[in-house]
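**Q** what follows is a protein structure lacking sequence information:
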């Protein structure tokens with residue numbers, strides 16, 4: 001029986017930036033595969049290249065060299081329109097700062113991305129309500145972000161990341177603005193989505209407790225993978 005093709009395949013990835021007269025090697029030859037349904041942790045100190053790797057996988061940035069395939073499609077060969085379609089259909093993003101719209105209530109924040117995919121308003125509201133129930137916020141649909149705790153705001157962000165039924169969820173320091181207890185609750189929510197729905201989730205963090213929830217963990221230092229560990233669940 002043929003071995004299953006990985007969901008994500010990365011080969012020889014480099015990303016360089018010019019800072020003044022100096023060239024910064026944010027990623028320095030990273031190669032990696034991610035299986036469908038995996039919950040991958042990407043760990044390392046600030047400046048190790050974690051977020052750069054995440055943004056490249058999400059099509060938010062382009063590498064200086066190397067290639068990235070998702071479902072066998074080469075992201076590095078896509079033009080801007082195809083990359084935008086990839087981000088819209090295949091990827092759900094979760095950020096440290098939540099990125100919620102302060103003038104919108106929870107239901108509207110979750111429904112908002114569906115406006116761009118021309119989902120009718122009634123279906124947008126219905127799906128947003130179901131997703132808020134999924135993350136335990138059925139009783140907060142009419143609350144604005146300022147009326148909610150940090151953990152509740154991040155769970156709204158998780159629900160929003162799911163609206164277009166993405167193949168991959170990319171989370172950049174999702175617990176970074178939360179206390180340890182609330183951060184653990186957010187990670188538990190992501191782990192449940194991975195376990196019950198088979199979502200492929202990649203979490204970037206410098207918080208070592210994140211590894212308690214992931215199925216595999218890679219460690220970056222100075223733009224290189226220095227360690228790969230399978231997690232005992």
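**A** Thanks, I have the structure now. On a predicted model such as this, the values are computed, not experimentally measured, just so you know.

**Q** the strand or helix carrying residue 15 packs against which elements?
**A** Using DSSP states H and E, residue 15 sits within strand 8-19. Secondary-structure packing of strand 8-19 (3 or more C-beta pairs under 8 Å, 6 or more residues apart in numbering; DSSP states H and E): strand 22-34, helix 50-57, strand 65-70. C-beta coordinates here come from the backbone N, C-alpha and C atoms, glycine included.

**Q** out of these, flag the one nearest residue 207.
**A** helix 50-57 (11.5 Å; C-beta to C-beta).

**Q** tell me the pLDDT at the closest residue to residue 24 other than its chain neighbours?
**A** Nearest residue to residue 24, sequence neighbours excluded (C-beta to C-beta, 6 or more residues apart in numbering): residue 17, at 4.7 Å. With respect to pLDDT, residue 17 has a value of 88.

**Q** ok, residue 17 touching residue 26?
**A** Yes. Counting by C-beta atoms under 8 Å, residue 17 does reach residue 26; the two are 6.0 Å apart.

**Q** compare the two (neighbour count), which wins?
**A** Neighbour count, other C-beta atoms under 10 Å: between residue 17 and residue 26, residue 26 has more, with 23 against 11.

**Q** list the contacts of the residue lying closest to residue 230 once chain neighbours are set aside.
**A** Spatial nearest neighbour of residue 230, excluding adjacent residues (C-beta to C-beta, 6+ apart): residue 216 at 5.4 Å. Going by C-beta atoms under 8 Å, 6 or more residues apart in numbering, residue 216 touches 38-41, 228-231.

**Q** which one of those has the most neighbours?
**A** Neighbour counts for the contacts of residue 216, by other C-beta under 10 Å, peak at residue 41, which reaches 26 neighbours.

**Q** can you state the direction angle for the helix or strand containing it and helix 50-57?
**A** Secondary structure assignment for residue 41, by DSSP H and E: strand 39-43. Between strand 39-43 and helix 50-57, the angle comes out at 140 degrees (axes from the mean of the first three to the mean of the last three C-alpha atoms, to 10 degrees).

**Q** what does strand 39-43 rub up against?
**A** Residues outside strand 39-43 that contact it (C-beta under 8 Å, 6+ apart) are 34, 50, 53-54, 190-191, 194, 200-206, 208, 210-211, 213-220, 231.

**Q** just want the most central residue of the protein.
**A** residue 170 (1.0 Å; C-alpha atoms, centre = their mean).

**Q** which SS class is it?
**A** strand (DSSP: H, G, I helix; E, B strand; the rest coil).

**Q** so where's the chain uncertain?
**A** 1-3, 232-233 (pLDDT under 70).

**Q** make it 80
**A** Across the chain, residues meeting the criterion (pLDDT under 80) sit at 1-4, 231-233.

**Q** I appreciate the help and will end here.
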